[in-house]
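Asker: next comes the sequence, and after it the predicted model I'd like to discuss.
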There are 2 protein chains.
Amino acid sequence: MRETAETTGRDRDPEAVSKFVEGFAAQLVEAGMQRMPARVFAALLASDPGSLTSAELGEQLQVSPAAVSGAVRYLSQQHMVSREREPGSRRERYRVHSDQWYEALTNRETILKRWESALSEGVASLGAETPAGRRMAETLAFFEFLDGELAAMMERWRVHREKTFGHR
Amino acid sequence: MRETAETTGRDRDPEAVSKFVEGFAAQLVEAGMQRMPARVFAALLASDPGSLTSAELGEQLQVSPAAVSGAVRYLSQQHMVSREREPGSRRERYRVHSDQWYEALTNRETILKRWESALSEGVASLGAETPAGRRMAETLAFFEFLDGELAAMMERWRVHREKTFGHR
DNA sequence: CGCTTCCTTCAGAAATTTGTGAAGTTAAGG
DNA sequence: CCTTAACTTCACAAATTTCTGAAGGAAGCG
């Protein structure tokens, strides 16, 4: 298949794009994300269509198809991007849904739940009446509080978002 | 200095303590924390006094003083533990303030701010009117919303905490 | 069907991270 | 002051992670 300005995004200043991609990716890495997923994600975020093919990602980031494949697998497990097949082609497109990805961020719920269960076991095994047990119980209570708050907060965001961006 | 059951925590089932420490640390690692800081932190959380000396940490976790030193430096930079000197001794104690450490968790503010500024630059350089620019602007708006919400939420938590644990 | 394009998997090389031992620094206690 | 206990720093070795090239499928298209 032939490449066009539309599919590669080459019409935009590649310098500026790359600067954003590497800078934002670096911040994501700082926060604990692996380098390659971070770069791939940043590239998608900065693309005009909000989606790129594997080949485009490889070319823009100067990495092998294997690296793209691994990064994309990770990102879709985290629900930060979705994969879609281009109809009538073997190419796959990876897409970031602008509203979906940061919802996934707060969906660290899985992690929160695991923290909670580790703490809960700890309280049980060390004794709820020991100083350590009480400390852990308080921490547990905080996370349980968090669970509820995060859900309510996202609901408020959706309202706020609708007001601000809804009418496009 | 001599070691006592009080300072080493050996009166408690070391098996149970270790099981919690390694289990909880593993979850922290999963969430992006480095292994050694995670283990040190979990050990402090599970200690009855809420604090341990360098030597105690080294012995319990079977690691060198150097490893403890590095982990503790990281943890105190993150405001997850504080260091205090034992009066009349060269020993240092590392302490977890039960209420302080998870406040530090939400104090990923530093990271949030950096994300915001990276996004802001991106919007500027790619153009606020481009599709990519609009996507990045929406993400930026989300993080700005988050900033405010997190602060308000922690305030609600403090009230809730006082009601639940205040009267001890 | 077979050719071709594209994605994935896998073994291994390269780079990075992590933890150690040893030397260095600081400060208490005689 | 000198000694010594305790933490820190540093160079390096070990372990782990990350990325690549090559081989192995799957699926469109003739």
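Answerer: That came through, no problem.
Asker: going by C-alpha atoms from here, please, whenever you check contacts or count neighbours.
Answerer: Noted.
Asker: can you list the residue ranges for strands in chain A?
Answerer: Remark: strands assigned in chain A by DSSP state E are A:51-53, A:82-85, A:92-95.
Asker: got CSV for those, with mean neighbour count and distance to chain B too?
Answerer: Compiled in CSV, those are given as follows (neighbours: other Cα atoms under 10 Å in any protein chain shown; distance: least, Cα to the nearest Cα, whole Å):
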stretch, mean neighbour count, distance to chain B
strand A:51-53, 23, 10
strand A:82-85, 15, 16
strand A:92-95, 20, 12
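Asker: can I get those strands in CSV with distance to DNA strand C?
Answerer: Output for the strands of chain A, formatted as CSV (distance: least, Cα to the nearest atom of the strand, whole Å):
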stretch, distance to DNA strand C
strand A:51-53, 5
strand A:82-85, 8
strand A:92-95, 4
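Asker: by mean pLDDT, show me the worst of those.
Answerer: Comparing mean pLDDT over those, the weakest stretch is strand A:82-85, at a mean of 92.
Asker: which strands or helices does it pack on?
Answerer: Helices and strands touching strand A:82-85, as assessed by 3 or more Cα pairs under 8 Å, 6 or more residues apart in numbering or on different chains; DSSP states H and E, comprise strand A:92-95.
Asker: output stretch A:139-149 as PDB, nothing but the C-alphas.
Answerer: Taking only C-alpha atoms (Å, rounded to 0.1, in the frame of the first residue of the first chain), the coordinates of stretch A:139-149 have been written out as PDB:
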ATOM      1  CA  THR A 139      -4.500   2.600  55.200                       C
ATOM      2  CA  LEU A 140      -7.000   0.100  54.000                       C
ATOM      3  CA  ALA A 141      -9.800   2.400  55.000                       C
ATOM      4  CA  PHE A 142      -8.200   5.100  53.000                       C
ATOM      5  CA  PHE A 143      -8.100   3.000  49.900                       C
ATOM      6  CA  GLU A 144     -11.700   2.000  50.300                       C
ATOM      7  CA  PHE A 145     -12.600   5.600  50.600                       C
ATOM      8  CA  LEU A 146     -10.600   6.300  47.400                       C
ATOM      9  CA  ASP A 147     -12.500   3.700  45.400                       C
ATOM     10  CA  GLY A 148     -15.800   5.500  46.000                       C
ATOM     11  CA  GLU A 149     -14.400   8.900  45.500                       C
END
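Asker: touching chain B at all, that stretch?
Answerer: Yes: in this structure, stretch A:139-149 sits against chain B according to Cα under 8 Å from any Cα of the partner chain; the contacting residues are A:139, A:142, A:145, A:149.
Asker: buried sites along that stretch?
Answerer: Along stretch A:139-149, the positions that meet the burial threshold by neighbour count (16 or more other Cα atoms under 10 Å in any protein chain shown) are A:139-143, A:145-147, A:149.
Asker: likewise stretch A:132-141?
Answerer: By neighbour count, with 16+ other Cα under 10 Å as the criterion, the buried positions of stretch A:132-141 are A:132-141.
Asker: centroid-nearest residue for chain A?
Answerer: With distances taken as Cα atoms, centre = their mean, chain A has A:Met80 as the residue nearest its mean C-alpha position (3.8 Å).
Asker: give me the nearest residue to it, chain neighbours excluded.
Answerer: The shortest distance from A:Met80 to any non-neighbouring residue, by Cα to Cα, 6 or more residues apart in numbering or on different chains, is to A:Trp101 (4.6 Å).
Asker: with A:Phe24 instead?
Answerer: B:Ala118 (5.7 Å).
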